[in-house]
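1. here's my sequence, what's the structure:
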Amino acid sequence: MEEWIKIYSFDSQYQAEMSKDLLEQNDVKAVIINAKDSLFLLGEYELYVHNSDEKKAISIINEFKGLTKVDSFIMRGPIERLKDELEANDITSVIKVCRNPRYVLDNYELYVANEDVQRVVPFITGEQLKGWSKAQTCTKTTQTRFRIEILNHYHIPSIVIKKRDAKFMKSELNIYVKDDDLTQATEILHDLKGWAKVHTVSSQNMAEVVEKQLGKEGIKAIIEHLPGGYAIFVEGPFCDEAKTIISQQKSWKLLKTYTDSIEAQYAAGLLENSGIEVVSVYRDDIRMMVDIDLYVEEFQLDKATEIINTVFLATDDE
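-> Got it, this is the predicted structure:
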């Protein structure tokens, strides 16, 4: 790693992962090296960035020095309610808005002082979230957002908490509602009132491809895993339009899977600049890492493969 430089060390993997996430949201690629002794568990988690990003990375980290991100979501309301719950228990927190030109929507992030992280854990696991009950679990941010919008329509307040595994990697998003609203909220989310099923596919990946296609036309789509496959629901007034779009559905083929989001976005932009339509599907794999699948139309597959291979091979040679 001759071209990489260590900018910070952390005692906690959680803090290292959050700092890495913060940098990558700001287009700074980062790597964590576990420097702990495997026998005595001594040492630290070291955060590295490329030499050229050193000043920018240190500036970003310093802005958040002494703070740890404990939750985030693309809607402010659910994060503010969690903030209120923490502060009712004498835990000071602050909301920061992450504005990134790569994303259309802002991301609202909740931070607490490093020394309060352990006190917060029972809240973000739901154990100490008194008066709130889990109504539903989602695996995708946009899918969670659509469900929150439905609850908002019925004036049901909610909290969204990203559940993390033992290594503090994102695994799912849990929707909490007030205990008194639980029955109504569960029924609404189960029935998807005001939404209608327009299509069913066999795999989640293809369901997400359909969701992306409808989204490009301004139609929100909710994916539900049913016994017959993955069903696509849209808001009632958009049923006919959605069915028309789906009936003209293109034949999509998987081009490549990326583990680096910046590299995936670069590849997608490269293809689109070459006149090739691309659909990006984000998913968590069994390693709890995020993979990005790039799909192109079947007749464009050879051309897209040639472009990607030519450009990335040339980059590697440099």
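2. ok but residue 110 is inside a strand, no?
-> Yes. Judged by DSSP: H, G, I helix; E, B strand; the rest coil, residue 110 forms part of a strand.
3. beta partners of it?
-> Beta bridges link residue 110 to residue 71, residue 95 when assigned by DSSP bridges.
4. number of residues surrounding it?
-> 24 (other Cβ atoms under 10 Å). (Each C-beta comes from the backbone N, C-alpha and C, glycine too.)
5. that one and residue 144, how far apart?
-> Distance, residue 110 to residue 144, using Cβ to Cβ, to the nearest Å: 16 Å.
6. and if you look at residue 152?
-> Per Cβ to Cβ, residue 152 is found 13 Å from residue 144.
7. now do residue 278
-> 24 Å.
8. with residue 301 instead?
-> 32 Å.
9. the more surrounded of residue 152 and residue 144?
-> When residue 152 and residue 144 are compared for neighbours, residue 144 comes out ahead with 24 against 14, by other Cβ under 10 Å.
10. can you confirm that one is in a strand?
-> No. The assignment for residue 144 (three-state DSSP) gives helix, which keeps it out of a strand.
11. what's the pLDDT at it?
-> Residue 144 carries a pLDDT value of 94.
12. so residue 138 sits against residue 175, correct?
-> Yes. In this structure, residue 138 is within contact of residue 175 by Cβ atoms under 8 Å, at 7.0 Å.
13. overlap in contacts of these two?
-> 144, 147 (Cβ atoms under 8 Å, 6 or more residues apart in numbering).
14. tell me, how many residues neighbour residue 83?
-> Residue 83 has 23 neighbouring residues, counting by other Cβ under 10 Å.
15. buried residues in the helix or strand harbouring it?
-> Taking DSSP states H and E as the criterion, residue 83 maps to helix 76-88. Within helix 76-88, the residues that count as buried by 16 or more other Cβ atoms under 10 Å are 78, 79, 81, 82, 83, 85, 86.
16. ok, now which ones touch the fifth one?
-> When you say that, I think you mean residue 83. 93, 95, 110.
17. and for the second one?
-> Residue 79 makes contact with 71, 72, 73, 95, 108, 109, 110, 160 under the criterion Cβ under 8 Å, 6+ apart.
18. in JSON lines: the residues you listed, plus distance to residue 148.
-> As requested, the contacts of residue 79 are exported to JSON lines (distance: Cβ to Cβ, whole Å):
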{"residue": "71", "distance to residue 148": "14"}
{"residue": "72", "distance to residue 148": "14"}
{"residue": "73", "distance to residue 148": "8"}
{"residue": "95", "distance to residue 148": "17"}
{"residue": "108", "distance to residue 148": "12"}
{"residue": "109", "distance to residue 148": "17"}
{"residue": "110", "distance to residue 148": "16"}
{"residue": "160", "distance to residue 148": "7"}
